[in-house]
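Novice: fold the following.
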Amino acid sequence: MANIAFIGLGVMGYPMAGHLATAGHQVTVWNRTASKARQWLDEHPGAVCDTVAEAVRSADWVLTCVGADKDLCEVYLGPDGIIANAPLGAILVDHTTASSGVAEQLSQAASERGQNFLDAPVSGGQQGAENGQLTIMCGGEEAVFEKSRPVLECYARALNRMGPVGSGQKAKMVNQIAVAGLVQGLSEALHFAEQAGLDVQKVVDVISKGAAQSWQMENRSGTMIAGEFDHGFAVDWMRKDLGICLDEARRNGAKLPVTALVDQFYGDVQDMGGNRWDTSALIQRLRKD
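Specialist: Got it, this is the predicted structure:
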């Protein structure tokens, strides 16, 4: 069993670290809000540290799941960060959805200290994390990926290496671009059905057996019809992710007109007070008039 440090116990990291502990790994956790780390320790075997440096000092793997690029730089870089304090040969795996540029920066810094780095963003949301059924898209050296596979499989449904460092983040961008368009399309379809006076659930039951079927339809149409959005992947997080996608598109020349439009629509949802609503709340901006 491995000695693992897990940094960041948000809605995703908390259950992910739990799966590692359940699998028998020695897990040490750190979280910016210390009470959350103590709560985790009440529920799982392991240890809690007061500082990042202390948590990673003897770790074979350091796994991170924090907010964004800025948060990553704070926990990885500097004299009290992960890279300065993790052992030689440690494998650093970042599950945050962030830019490919910061992944490359952290990989370079880790390499200079004799450590290995994988960018490994996840898809599947809070439910996937809790059920240990996440899709993980990794960027990094193949040997490092294969060595890390038994650890990451503790909470993975699908686990794939996409290419060199940064490739995992770019693959996650593809995922978010696809999701944004699907949710907007489903929102418009359900809104149209409502306006047409149809039995919306009956319509979904029919079309979900054909070409219109999607994960979003299967898992979100019922709550969208009911107007329930206090669950799932928050609008604020999606806007952060789409901002990363649009920035990368400006660099690589990709044209994302629908993604840019849906990003603006999510801004409308934020203006409605839906910052923490599930991303399927796009339908609410269609209903508000």
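Novice: show me where the stretch 1-150 of the chain has its strands.
Specialist: In the stretch 1-150 of the chain, the strands defined using DSSP state E, counting those that start in this stretch lie at 3-7, 26-30, 47-48, 61-64, 91-94, 116-119, 122-123, 134-139.
Novice: and those as JSON lines, adding distance to Gly168?
Specialist: (C-beta placed from N, C-alpha, C; glycine too.) Shown next, in JSON lines, are the strands of the stretch 1-150 of the chain (distance: least, Cβ to Cβ, whole Å):
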{"stretch": "strand 3-7", "distance to Gly168": "18"}
{"stretch": "strand 26-30", "distance to Gly168": "22"}
{"stretch": "strand 47-48", "distance to Gly168": "28"}
{"stretch": "strand 61-64", "distance to Gly168": "13"}
{"stretch": "strand 91-94", "distance to Gly168": "9"}
{"stretch": "strand 116-119", "distance to Gly168": "4"}
{"stretch": "strand 122-123", "distance to Gly168": "9"}
{"stretch": "strand 134-139", "distance to Gly168": "4"}
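Novice: and of those strands, who's closest to Val262?
Specialist: Of all these, it is strand 122-123 that lies closest to Val262, at 17.2 Å by Cβ to Cβ.
Novice: list the contacts for Thr22?
Specialist: 44, 154 (Cβ atoms under 8 Å, 6 or more residues apart in numbering).
Novice: please tell me how far it sits from Pro15.
Specialist: Using Cβ to Cβ, to the nearest Å, we find Thr22 at a distance of 10 Å from Pro15.
Novice: skipping adjacent residues, who's closest to Ala254 in space?
Specialist: In space, and not counting its chain neighbours, Ala254 is closest to Glu248: 7.6 Å by Cβ to Cβ, 6 or more residues apart in numbering.
Novice: what sits against that neighbour?
Specialist: Shown in contact with Glu248 (Cβ under 8 Å, 6+ apart): 99-100, 170, 173, 254.
Novice: can you flag which of those belong to helices?
Specialist: 100, 170, 173 (DSSP state H).
Novice: highest neighbour count among these?
Specialist: Counting neighbours by other Cβ atoms under 10 Å, Met173 leads the ones in helices among the contacts of Glu248 with 26 neighbours.
Novice: so what's that one closest to, chain neighbours aside?
Specialist: That would be Cys245: by Cβ to Cβ, 6+ apart, it lies 4.5 Å from Met173.
Novice: CA atoms only: put the helix or strand of the chain with the lowest mean pLDDT into PDB for me.
Specialist: Across the helices and strands of the chain, the lowest-confidence element by mean pLDDT, DSSP states H and E is helix 125-131, at a mean of 92. Only the C-alpha atoms of helix 125-131 are listed here, as PDB (Å, rounded to 0.1, in the frame of the first residue of the first chain):
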ATOM      1  CA  GLY A 125     -19.100  15.400 -10.800                       C
ATOM      2  CA  GLN A 126     -19.800  15.000  -7.100                       C
ATOM      3  CA  GLN A 127     -21.800  11.800  -7.700                       C
ATOM      4  CA  GLY A 128     -19.000  10.200  -9.700                       C
ATOM      5  CA  ALA A 129     -16.500  11.100  -6.900                       C
ATOM      6  CA  GLU A 130     -18.700   9.700  -4.200                       C
ATOM      7  CA  ASN A 131     -19.300   6.500  -6.100                       C
END
